[in-house]
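Q: model this:
(chains A and B, ligands or ions: 1)
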Amino acid sequence: MTTINKRELIVSAIENGTVIDHIPVNTVLMVLNILGLNNYEDEVLIGINLDSKKYGKKGIIKVRGKYFQQHDLNKIALVAPDATLIVIKNYEVVEKKSVQIPDKIDEILKCINPNCITNKEAIKTKFTVIGKDPLKIQCHYCEKSMTNIRFAE
Amino acid sequence: MANLKNKNLISISDYNKQDYLEILKLAAEFEENPRQEILKDKVVASIFFEPSTRTRLSFESAASMLGAKVIGFANPAATSQAKGESLHDTIKMLSSYSDIIVMRHSIEGAARYAAEVSTVPLINAGDGSNQHPTQCMLDLYSILKTQGTLENLQITLVGDLKYGRTVHSLVEAMCHFNATFHLVSPTALKLPSAVKMHIKRAKLKYYQYTNISDAVSVSDIIYMTRVQRERFSDPLDYEKVKDSCIIDASTLEGCQENMRVLHPLPRLNEIAVDVDKTPYAYYFQQARNGVYVRQALMSAILGLR
Ligand SMILES: [Zn+2]
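A: Residues are numbered from 1 along each chain as shown, chains lettered A, B, ... in the order given. Below is the predicted model:
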(Lines give C-alpha, C1' and ligand atoms only; values in the text may rest on other atoms or scores of the structure.)
Protein backbone atom coordinates (compact mmCIF):
# COMPACT_ATOMS: atom_id res chain seq x y z
CA MET A 1 0.00 0.00 0.00
CA THR A 2 1.29 3.43 -0.86
CA THR A 3 -0.41 6.56 0.38
CA ILE A 4 -2.86 5.47 3.02
CA ASN A 5 -5.66 7.82 3.83
CA LYS A 6 -8.33 7.15 6.38
CA ARG A 7 -10.90 6.04 3.87
CA GLU A 8 -8.70 3.44 2.28
CA LEU A 9 -7.79 2.14 5.70
CA ILE A 10 -11.42 1.45 6.44
CA VAL A 11 -11.73 -0.30 3.13
CA SER A 12 -8.65 -2.46 3.27
CA ALA A 13 -8.63 -3.50 6.89
CA ILE A 14 -9.39 -7.10 5.99
CA GLU A 15 -6.94 -9.53 4.48
CA ASN A 16 -9.30 -11.34 2.11
CA GLY A 17 -12.94 -10.66 1.44
CA THR A 18 -15.41 -8.14 0.10
CA VAL A 19 -16.23 -4.60 1.10
CA ILE A 20 -19.61 -3.22 0.18
CA ASP A 21 -19.44 0.56 0.27
CA HIS A 22 -21.89 3.40 -0.33
CA ILE A 23 -24.90 1.69 1.13
CA PRO A 24 -27.73 4.02 2.20
CA VAL A 25 -27.71 4.12 6.01
CA ASN A 26 -31.26 2.83 6.33
CA THR A 27 -30.74 -0.26 4.14
CA VAL A 28 -27.54 -1.70 5.62
CA LEU A 29 -29.47 -4.36 7.51
CA MET A 30 -31.47 -5.24 4.39
CA VAL A 31 -28.26 -5.71 2.45
CA LEU A 32 -27.02 -8.09 5.14
CA ASN A 33 -30.27 -9.98 4.85
CA ILE A 34 -30.29 -10.13 1.05
CA LEU A 35 -26.74 -11.48 0.96
CA GLY A 36 -27.53 -14.02 3.65
CA LEU A 37 -24.89 -12.58 5.96
CA ASN A 38 -26.98 -12.75 9.11
CA ASN A 39 -26.03 -16.43 9.32
CA TYR A 40 -22.44 -16.02 8.10
CA GLU A 41 -19.90 -17.60 10.42
CA ASP A 42 -16.78 -15.56 9.73
CA GLU A 43 -16.19 -11.90 10.62
CA VAL A 44 -18.60 -9.27 9.31
CA LEU A 45 -17.92 -5.61 10.14
CA ILE A 46 -20.69 -3.11 9.80
CA GLY A 47 -20.29 0.65 9.71
CA ILE A 48 -23.27 2.99 9.84
CA ASN A 49 -23.39 6.79 9.57
CA LEU A 50 -19.93 7.09 8.09
CA ASP A 51 -19.22 10.43 6.45
CA SER A 52 -19.37 10.41 2.70
CA LYS A 53 -18.56 13.35 0.45
CA LYS A 54 -20.97 12.15 -2.17
CA TYR A 55 -23.86 10.91 -0.03
CA GLY A 56 -23.61 12.71 3.32
CA LYS A 57 -23.91 9.62 5.51
CA LYS A 58 -23.39 6.09 4.30
CA GLY A 59 -23.13 2.53 5.47
CA ILE A 60 -20.42 -0.01 4.79
CA ILE A 61 -20.13 -3.76 5.25
CA LYS A 62 -16.92 -5.73 5.28
CA VAL A 63 -17.07 -9.48 4.95
CA ARG A 64 -14.01 -11.52 5.72
CA GLY A 65 -13.22 -14.54 3.59
CA LYS A 66 -16.10 -14.23 1.18
CA TYR A 67 -16.45 -13.37 -2.50
CA PHE A 68 -19.84 -12.97 -4.13
CA GLN A 69 -21.22 -13.85 -7.52
CA GLN A 70 -22.30 -10.79 -9.52
CA HIS A 71 -25.75 -12.40 -9.66
CA ASP A 72 -26.07 -12.26 -5.86
CA LEU A 73 -24.60 -8.80 -5.59
CA ASN A 74 -27.07 -7.43 -8.12
CA LYS A 75 -29.91 -8.26 -5.75
CA ILE A 76 -28.76 -5.48 -3.44
CA ALA A 77 -29.23 -2.95 -6.24
CA LEU A 78 -32.88 -2.91 -5.17
CA VAL A 79 -31.97 -1.22 -1.88
CA ALA A 80 -28.48 0.13 -2.55
CA PRO A 81 -28.33 1.14 -6.22
CA ASP A 82 -25.08 3.13 -5.80
CA ALA A 83 -23.22 0.48 -3.83
CA THR A 84 -19.58 -0.15 -4.71
CA LEU A 85 -18.11 -3.60 -4.30
CA ILE A 86 -14.45 -3.87 -3.48
CA VAL A 87 -12.75 -7.23 -3.73
CA ILE A 88 -9.79 -7.55 -1.38
CA LYS A 89 -7.06 -10.14 -1.70
CA ASN A 90 -4.02 -10.04 0.51
CA TYR A 91 -4.95 -6.56 1.82
CA GLU A 92 -4.99 -5.21 -1.72
CA VAL A 93 -7.92 -3.93 -3.70
CA VAL A 94 -8.00 -6.25 -6.71
CA GLU A 95 -11.33 -5.28 -8.20
CA LYS A 96 -14.03 -2.64 -7.87
CA LYS A 97 -17.48 -3.14 -9.28
CA SER A 98 -20.89 -1.61 -9.20
CA VAL A 99 -24.30 -3.28 -8.95
CA GLN A 100 -27.03 -3.45 -11.54
CA ILE A 101 -30.71 -4.18 -11.11
CA PRO A 102 -31.10 -7.75 -12.41
CA ASP A 103 -33.70 -8.82 -15.01
CA LYS A 104 -35.05 -11.53 -12.73
CA ILE A 105 -35.32 -11.56 -8.95
CA ASP A 106 -35.85 -14.81 -7.11
CA GLU A 107 -36.78 -15.55 -3.50
CA ILE A 108 -36.00 -12.29 -1.73
CA LEU A 109 -39.20 -10.40 -2.56
CA LYS A 110 -42.80 -10.92 -1.55
CA CYS A 111 -45.77 -10.50 -3.90
CA ILE A 112 -48.08 -7.67 -2.84
CA ASN A 113 -51.16 -9.54 -4.11
CA PRO A 114 -52.68 -11.20 -1.02
CA ASN A 115 -54.52 -13.67 -3.28
CA CYS A 116 -51.32 -14.80 -5.01
CA ILE A 117 -50.39 -18.47 -4.67
CA THR A 118 -46.97 -17.45 -3.31
CA ASN A 119 -48.74 -15.98 -0.29
CA LYS A 120 -50.83 -19.13 0.21
CA GLU A 121 -48.31 -21.95 -0.10
CA ALA A 122 -44.63 -22.29 0.69
CA ILE A 123 -43.30 -21.26 -2.73
CA LYS A 124 -40.16 -19.33 -3.62
CA THR A 125 -41.20 -16.13 -5.36
CA LYS A 126 -39.96 -15.18 -8.83
CA PHE A 127 -40.23 -11.74 -10.37
CA THR A 128 -39.37 -10.29 -13.75
CA VAL A 129 -38.10 -6.71 -13.79
CA ILE A 130 -40.27 -4.90 -16.34
CA GLY A 131 -39.01 -1.38 -15.58
CA LYS A 132 -35.81 -0.18 -13.92
CA ASP A 133 -36.41 3.53 -13.45
CA PRO A 134 -38.71 3.59 -11.60
CA LEU A 135 -38.43 -0.02 -10.57
CA LYS A 136 -41.39 -2.11 -11.70
CA ILE A 137 -41.61 -5.86 -11.26
CA GLN A 138 -44.06 -8.55 -12.33
CA CYS A 139 -44.88 -11.68 -10.35
CA HIS A 140 -44.08 -14.85 -12.31
CA TYR A 141 -47.12 -16.58 -10.79
CA CYS A 142 -50.06 -14.18 -10.47
CA GLU A 143 -48.70 -11.86 -13.23
CA LYS A 144 -49.52 -8.71 -11.24
CA SER A 145 -47.09 -5.89 -11.81
CA MET A 146 -46.05 -3.70 -8.88
CA THR A 147 -43.88 -0.70 -8.10
CA ASN A 148 -43.71 -1.02 -4.34
CA ILE A 149 -41.16 -3.61 -3.39
CA ARG A 150 -41.66 -5.76 -0.34
CA PHE A 151 -39.04 -8.11 1.04
CA ALA A 152 -39.87 -11.59 2.23
CA GLU A 153 -39.45 -11.98 5.97
CA MET B 1 -48.60 -29.28 -34.48
CA ALA B 2 -45.58 -30.72 -32.75
CA ASN B 3 -44.66 -27.31 -31.35
CA LEU B 4 -47.59 -27.36 -28.92
CA LYS B 5 -47.01 -30.92 -27.74
CA ASN B 6 -46.64 -31.02 -23.95
CA LYS B 7 -46.84 -27.24 -23.80
CA ASN B 8 -48.86 -25.86 -20.89
CA LEU B 9 -51.47 -23.19 -21.56
CA ILE B 10 -51.46 -20.94 -18.52
CA SER B 11 -51.54 -17.44 -19.94
CA ILE B 12 -52.53 -16.07 -23.32
CA SER B 13 -48.96 -14.78 -23.70
CA ASP B 14 -47.61 -18.35 -23.58
CA TYR B 15 -48.76 -18.76 -27.19
CA ASN B 16 -47.68 -16.73 -30.20
CA LYS B 17 -49.68 -15.67 -33.25
CA GLN B 18 -48.75 -18.83 -35.15
CA ASP B 19 -49.94 -20.97 -32.23
CA TYR B 20 -53.30 -19.17 -32.12
CA LEU B 21 -53.82 -19.62 -35.84
CA GLU B 22 -52.98 -23.31 -35.73
CA ILE B 23 -55.36 -23.92 -32.83
CA LEU B 24 -58.13 -22.02 -34.60
CA LYS B 25 -57.58 -24.01 -37.78
CA LEU B 26 -57.73 -27.24 -35.83
CA ALA B 27 -60.88 -26.04 -34.01
CA ALA B 28 -62.56 -25.57 -37.40
CA GLU B 29 -61.77 -29.22 -38.21
CA PHE B 30 -63.34 -30.33 -34.94
CA GLU B 31 -66.40 -28.22 -35.62
CA GLU B 32 -66.83 -30.19 -38.87
CA ASN B 33 -66.30 -33.49 -37.08
CA PRO B 34 -66.52 -33.13 -33.28
CA ARG B 35 -66.82 -36.85 -32.51
CA GLN B 36 -63.57 -38.68 -33.13
CA GLU B 37 -62.02 -41.27 -30.87
CA ILE B 38 -58.58 -39.68 -30.94
CA LEU B 39 -58.29 -39.39 -27.14
CA LYS B 40 -59.57 -42.94 -26.58
CA ASP B 41 -56.73 -44.11 -24.32
CA LYS B 42 -56.28 -40.79 -22.55
CA VAL B 43 -57.32 -39.68 -19.09
CA VAL B 44 -58.22 -36.00 -18.65
CA ALA B 45 -58.18 -34.74 -15.06
CA SER B 46 -60.73 -31.96 -14.78
CA ILE B 47 -60.19 -30.35 -11.40
CA PHE B 48 -62.28 -27.39 -10.35
CA PHE B 49 -61.24 -25.96 -6.99
CA GLU B 50 -63.79 -23.26 -7.68
CA PRO B 51 -67.13 -24.12 -9.25
CA SER B 52 -67.65 -23.03 -12.86
CA THR B 53 -70.27 -25.24 -14.38
CA ARG B 54 -70.13 -23.64 -17.81
CA THR B 55 -66.37 -23.98 -18.33
CA ARG B 56 -66.22 -27.42 -16.74
CA LEU B 57 -69.01 -28.86 -18.88
CA SER B 58 -67.45 -27.40 -22.00
CA PHE B 59 -64.10 -29.07 -21.27
CA GLU B 60 -65.65 -32.35 -20.18
CA SER B 61 -67.92 -32.53 -23.17
CA ALA B 62 -64.97 -31.72 -25.47
CA ALA B 63 -62.94 -34.53 -23.89
CA SER B 64 -65.81 -37.04 -23.91
CA MET B 65 -66.61 -36.43 -27.58
CA LEU B 66 -63.01 -37.36 -28.37
CA GLY B 67 -63.32 -40.57 -26.38
CA ALA B 68 -61.24 -39.57 -23.33
CA LYS B 69 -61.98 -40.71 -19.79
CA VAL B 70 -62.62 -37.74 -17.52
CA ILE B 71 -61.73 -37.87 -13.84
CA GLY B 72 -61.68 -35.08 -11.27
CA PHE B 73 -64.01 -33.00 -9.17
CA ALA B 74 -66.40 -30.12 -9.60
CA ASN B 75 -66.76 -29.14 -6.02
CA PRO B 76 -63.95 -27.86 -3.84
CA ALA B 77 -65.62 -29.12 -0.67
CA ALA B 78 -65.09 -32.67 -1.93
CA THR B 79 -61.35 -32.29 -2.33
CA SER B 80 -58.53 -33.14 0.02
CA GLN B 81 -57.51 -29.47 -0.26
CA ALA B 82 -60.60 -28.72 1.77
CA LYS B 83 -59.04 -31.02 4.35
CA GLY B 84 -55.82 -29.04 4.27
CA GLU B 85 -53.74 -30.81 1.61
CA SER B 86 -51.46 -28.46 -0.31
CA LEU B 87 -52.01 -27.73 -4.00
CA HIS B 88 -48.52 -29.14 -4.54
CA ASP B 89 -49.47 -32.55 -3.17
CA THR B 90 -52.85 -32.67 -4.92
CA ILE B 91 -51.22 -31.96 -8.29
CA LYS B 92 -48.40 -34.46 -7.71
CA MET B 93 -50.97 -37.15 -7.03
CA LEU B 94 -53.24 -36.23 -9.94
CA SER B 95 -50.48 -36.01 -12.50
CA SER B 96 -49.69 -39.66 -11.87
CA TYR B 97 -53.32 -40.57 -12.66
CA SER B 98 -53.82 -38.57 -15.86
CA ASP B 99 -52.39 -37.51 -19.22
CA ILE B 100 -53.45 -33.88 -19.04
CA ILE B 101 -54.88 -31.64 -16.31
CA VAL B 102 -57.53 -28.97 -16.75
CA MET B 103 -57.59 -26.79 -13.65
CA ARG B 104 -59.71 -23.98 -12.29
CA HIS B 105 -58.65 -22.27 -9.06
CA SER B 106 -59.68 -19.16 -7.16
CA ILE B 107 -56.09 -18.14 -6.37
CA GLU B 108 -54.02 -16.14 -8.86
CA GLY B 109 -50.87 -17.91 -9.99
CA ALA B 110 -52.19 -21.33 -8.90
CA ALA B 111 -52.14 -22.54 -12.51
CA ARG B 112 -48.54 -21.49 -13.23
CA TYR B 113 -47.43 -23.13 -9.99
CA ALA B 114 -49.43 -26.32 -10.59
CA ALA B 115 -47.88 -26.61 -14.06
CA GLU B 116 -44.41 -26.45 -12.50
CA VAL B 117 -45.32 -29.24 -10.09
CA SER B 118 -47.20 -31.43 -12.57
CA THR B 119 -45.49 -34.09 -14.66
CA VAL B 120 -48.23 -33.88 -17.32
CA PRO B 121 -49.28 -30.77 -19.29
CA LEU B 122 -51.81 -28.42 -17.74
CA ILE B 123 -54.47 -26.14 -19.19
CA ASN B 124 -55.55 -23.19 -17.07
CA ALA B 125 -59.34 -22.98 -16.92
CA GLY B 126 -59.15 -19.77 -14.87
CA ASP B 127 -56.93 -18.75 -11.94
CA GLY B 128 -58.67 -16.14 -9.81
CA SER B 129 -58.76 -12.76 -11.50
CA ASN B 130 -55.61 -13.54 -13.49
CA GLN B 131 -56.03 -15.57 -16.69
CA HIS B 132 -58.61 -17.63 -18.54
CA PRO B 133 -56.84 -18.36 -21.83
CA THR B 134 -59.31 -20.86 -23.32
CA GLN B 135 -62.04 -18.21 -23.10
CA CYS B 136 -59.78 -15.95 -25.13
CA MET B 137 -59.12 -18.67 -27.71
CA LEU B 138 -62.84 -19.25 -28.18
CA ASP B 139 -63.39 -15.51 -28.50
CA LEU B 140 -60.77 -15.41 -31.25
CA TYR B 141 -62.39 -18.37 -32.95
CA SER B 142 -65.78 -16.65 -32.83
CA ILE B 143 -64.34 -13.46 -34.29
CA LEU B 144 -62.61 -15.39 -37.06
CA LYS B 145 -65.76 -17.35 -37.88
CA THR B 146 -68.04 -14.34 -38.02
CA GLN B 147 -65.66 -12.00 -39.85
CA GLY B 148 -63.74 -14.47 -42.00
CA THR B 149 -60.47 -12.94 -40.77
CA LEU B 150 -58.81 -11.68 -37.61
CA GLU B 151 -56.86 -8.95 -39.38
CA ASN B 152 -57.66 -5.20 -39.41
CA LEU B 153 -60.93 -5.38 -37.45
CA GLN B 154 -62.74 -2.70 -35.43
CA ILE B 155 -63.17 -4.29 -31.99
CA THR B 156 -65.50 -2.61 -29.51
CA LEU B 157 -65.22 -3.70 -25.88
CA VAL B 158 -68.03 -2.70 -23.55
CA GLY B 159 -68.61 -2.72 -19.81
CA ASP B 160 -66.19 -3.41 -16.99
CA LEU B 161 -62.89 -2.96 -18.80
CA LYS B 162 -60.98 -2.46 -15.57
CA TYR B 163 -61.49 -5.81 -13.88
CA GLY B 164 -62.64 -7.96 -16.79
CA ARG B 165 -59.87 -10.47 -17.41
CA THR B 166 -61.48 -11.74 -20.62
CA VAL B 167 -61.27 -8.22 -22.02
CA HIS B 168 -57.61 -7.86 -21.06
CA SER B 169 -56.67 -11.15 -22.72
CA LEU B 170 -58.68 -10.36 -25.84
CA VAL B 171 -56.96 -6.99 -26.23
CA GLU B 172 -53.56 -8.64 -25.84
CA ALA B 173 -54.40 -11.34 -28.39
CA MET B 174 -55.99 -8.97 -30.94
CA CYS B 175 -52.86 -6.80 -30.83
CA HIS B 176 -51.30 -9.49 -33.05
CA PHE B 177 -53.90 -8.78 -35.74
CA ASN B 178 -53.76 -5.04 -36.35
CA ALA B 179 -57.07 -4.34 -34.62
CA THR B 180 -58.46 -0.90 -33.79
CA PHE B 181 -60.01 -0.82 -30.33
CA HIS B 182 -63.13 1.08 -29.22
CA LEU B 183 -63.31 1.05 -25.43
CA VAL B 184 -66.71 1.76 -23.90
CA SER B 185 -66.92 1.88 -20.11
CA PRO B 186 -67.94 4.01 -17.15
CA THR B 187 -65.07 6.37 -16.28
CA ALA B 188 -64.34 4.40 -13.11
CA LEU B 189 -63.97 1.14 -15.04
CA LYS B 190 -61.64 2.14 -17.87
CA LEU B 191 -59.11 -0.24 -19.35
CA PRO B 192 -56.00 -0.29 -17.08
CA SER B 193 -52.92 1.45 -18.42
CA ALA B 194 -50.93 -1.79 -18.31
CA VAL B 195 -53.33 -3.25 -20.88
CA LYS B 196 -53.30 -0.08 -22.98
CA MET B 197 -49.53 -0.50 -23.10
CA HIS B 198 -50.03 -3.63 -25.22
CA ILE B 199 -51.97 -1.52 -27.74
CA LYS B 200 -49.36 1.23 -27.73
CA ARG B 201 -46.47 -1.19 -28.08
CA ALA B 202 -48.17 -2.78 -31.09
CA LYS B 203 -48.57 0.77 -32.51
CA LEU B 204 -52.33 0.35 -32.78
CA LYS B 205 -55.11 2.84 -32.08
CA TYR B 206 -57.77 2.94 -29.41
CA TYR B 207 -60.67 5.29 -28.76
CA GLN B 208 -62.54 5.68 -25.48
CA TYR B 209 -66.26 6.25 -25.01
CA THR B 210 -68.68 6.33 -22.11
CA ASN B 211 -71.75 5.40 -24.13
CA ILE B 212 -72.09 2.36 -26.38
CA SER B 213 -74.32 4.09 -28.93
CA ASP B 214 -71.34 6.23 -30.00
CA ALA B 215 -69.36 3.18 -31.09
CA VAL B 216 -72.01 0.97 -32.70
CA SER B 217 -71.70 2.12 -36.30
CA VAL B 218 -67.92 1.60 -36.59
CA SER B 219 -67.81 -1.85 -35.00
CA ASP B 220 -67.13 -5.23 -36.58
CA ILE B 221 -67.39 -6.88 -33.17
CA ILE B 222 -69.14 -5.62 -30.05
CA TYR B 223 -67.83 -7.57 -27.07
CA MET B 224 -70.14 -7.04 -24.10
CA THR B 225 -69.26 -7.64 -20.45
CA ARG B 226 -71.20 -7.12 -17.27
CA VAL B 227 -70.87 -4.03 -15.10
CA GLN B 228 -71.22 -5.24 -11.53
CA ARG B 229 -72.91 -3.09 -8.94
CA GLU B 230 -70.28 -4.17 -6.37
CA ARG B 231 -67.55 -2.33 -8.30
CA PHE B 232 -69.02 1.01 -7.22
CA SER B 233 -68.55 2.28 -3.69
CA ASP B 234 -71.49 4.64 -4.14
CA PRO B 235 -74.66 2.93 -5.45
CA LEU B 236 -75.69 6.25 -6.99
CA ASP B 237 -72.65 6.15 -9.26
CA TYR B 238 -73.78 2.76 -10.49
CA GLU B 239 -77.30 4.03 -11.17
CA LYS B 240 -75.88 6.89 -13.20
CA VAL B 241 -73.83 4.74 -15.55
CA LYS B 242 -75.61 1.42 -15.69
CA ASP B 243 -77.64 2.23 -18.81
CA SER B 244 -74.70 3.54 -20.82
CA CYS B 245 -73.18 0.08 -21.27
CA ILE B 246 -76.23 -1.99 -22.18
CA ILE B 247 -77.72 -2.74 -25.58
CA ASP B 248 -81.10 -3.63 -27.00
CA ALA B 249 -82.18 -4.14 -30.60
CA SER B 250 -82.73 -0.41 -31.12
CA THR B 251 -79.18 0.44 -29.94
CA LEU B 252 -77.87 -1.67 -32.80
CA GLU B 253 -79.78 0.18 -35.52
CA GLY B 254 -77.32 1.56 -38.03
CA CYS B 255 -74.65 -1.02 -37.35
CA GLN B 256 -72.70 -2.71 -40.14
CA GLU B 257 -74.21 -5.87 -41.55
CA ASN B 258 -71.21 -8.01 -40.61
CA MET B 259 -71.25 -6.78 -37.00
CA ARG B 260 -71.70 -9.47 -34.35
CA VAL B 261 -72.29 -9.19 -30.60
CA LEU B 262 -70.19 -11.41 -28.35
CA HIS B 263 -70.44 -11.97 -24.60
CA PRO B 264 -68.51 -14.42 -22.38
CA LEU B 265 -71.82 -15.31 -20.61
CA PRO B 266 -73.65 -15.52 -18.32
CA ARG B 267 -75.36 -12.26 -19.22
CA LEU B 268 -77.65 -10.29 -16.98
CA ASN B 269 -79.39 -7.20 -18.34
CA GLU B 270 -76.54 -5.84 -20.47
CA ILE B 271 -77.95 -7.48 -23.60
CA ALA B 272 -81.73 -7.22 -23.83
CA VAL B 273 -83.45 -10.41 -24.99
CA ASP B 274 -84.75 -8.65 -28.11
CA VAL B 275 -81.16 -8.71 -29.41
CA ASP B 276 -81.28 -12.53 -29.45
CA LYS B 277 -83.59 -12.52 -32.46
CA THR B 278 -81.43 -10.13 -34.50
CA PRO B 279 -78.83 -11.48 -36.94
CA TYR B 280 -76.17 -9.76 -34.82
CA ALA B 281 -76.48 -12.01 -31.77
CA TYR B 282 -73.64 -14.53 -31.67
CA TYR B 283 -73.12 -15.19 -27.94
CA PHE B 284 -74.81 -18.58 -27.82
CA GLN B 285 -72.82 -19.91 -30.79
CA GLN B 286 -69.76 -18.35 -29.18
CA ALA B 287 -70.23 -20.54 -26.10
CA ARG B 288 -70.63 -23.62 -28.31
CA ASN B 289 -67.37 -22.76 -30.08
CA GLY B 290 -65.66 -23.31 -26.74
CA VAL B 291 -66.05 -27.08 -27.16
CA TYR B 292 -64.19 -27.14 -30.53
CA VAL B 293 -61.43 -24.86 -29.31
CA ARG B 294 -60.92 -27.01 -26.21
CA GLN B 295 -60.87 -30.15 -28.36
CA ALA B 296 -58.20 -28.53 -30.52
CA LEU B 297 -56.12 -27.53 -27.49
CA MET B 298 -56.27 -30.89 -25.76
CA SER B 299 -55.39 -32.82 -28.93
CA ALA B 300 -52.56 -30.47 -29.87
CA ILE B 301 -51.06 -30.52 -26.37
CA LEU B 302 -51.33 -34.30 -26.19
CA GLY B 303 -49.54 -34.45 -29.53
CA LEU B 304 -52.35 -36.27 -31.27
CA ARG B 305 -52.87 -33.66 -33.96
ZN1 LIG C 1 -47.98 -12.86 -7.24
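Q: so what's the residue in the stretch 101-250 of chain B positioned nearest to the ion up against?
A: Taking Cβ to the ion as the measure, the stretch 101-250 of chain B has residue B:109 as its residue closest to the ion, at 5.1 Å. Quick note: C-beta positions are derived from backbone N, CA and C, even for glycine. Applying Cβ atoms under 8 Å, 6 or more residues apart in numbering or on different chains, one finds that residue B:109 lies in contact with A:111, A:116-118, A:139-143, B:127-128, B:130.
Q: how about the nearest residue to it, chain neighbours excluded?
A: Counting by Cβ to Cβ, 6 or more residues apart in numbering or on different chains, residue A:141 is the residue found nearest to residue B:109 once chain neighbours are left out, at 2.8 Å.
Q: check what pLDDT the residue of the stretch 51-200 of chain B found nearest chain A gets.
A: Taking Cβ to the nearest Cβ as the measure, the point where the stretch 51-200 of chain B comes nearest chain A is residue B:109, at 2.8 Å. Among the per-residue scores, residue B:109 holds a pLDDT of 98.
Q: list phi and psi for it.
A: With angles defined as degrees, to the nearest 10, residue B:109 sits at phi 90, psi -10.
Q: pull out the buried positions in stretch B:179-194.
A: Within stretch B:179-194, the residues that qualify as buried by neighbour count (16 or more other Cβ atoms under 10 Å in any protein chain shown) are B:179-186, B:189-191.
Q: first-to-last residue distance for it?
A: Chord length of stretch B:179-194, first to last residue, is 18 Å (Cα to Cα, to the nearest Å).
Q: can you list the neighbours in contact with it?
A: Applying Cβ under 8 Å, 6+ apart, the contact partners of stretch B:179-194 are A:145, B:152-163, B:167-168, B:171, B:174, B:199, B:204-212, B:214-215, B:218-219, B:227, B:231-232, B:237, B:241, B:244-245.
Q: which phi and psi does the nearest residue to residue B:277 once chain neighbours are set aside have?
A: The shortest distance from residue B:277 to any non-neighbouring residue, by Cβ to Cβ, 6+ apart, is to residue B:249 (7.6 Å). Dihedral angles of residue B:249 (phi, psi; degrees, to the nearest 10) stand at phi -60, psi -30.
Q: so who does residue B:249 touch?
A: With the criterion set at Cβ under 8 Å, 6+ apart, residue B:249 makes contact with B:272, B:274-275, B:277-278.
Q: the residues you listed in helices, which ones?
A: Taking DSSP state H, every one of the contacts of residue B:249 sits outside helices.
Q: go through those and say which is closest to residue B:195.
A: residue B:275 (26.7 Å; Cβ to Cβ).
Q: mind listing what the residue of chain A at minimum distance from chain B touches?
A: Taking Cβ to the nearest Cβ, chain B has its nearest neighbour within chain A at residue A:141, 2.8 Å off. With contact taken as Cβ under 8 Å, 6+ apart, residue A:141 is in contact with A:111, A:116-118, A:123, A:125-126, B:108-110, B:112-113.
Q: check what pLDDT the most centrally placed residue in chain A gets.
A: Residue closest to the average C-alpha location in chain A (Cα atoms, centre = their mean): residue A:76, at 2.4 Å. Each residue has a pLDDT score; the one for residue A:76 is 91.
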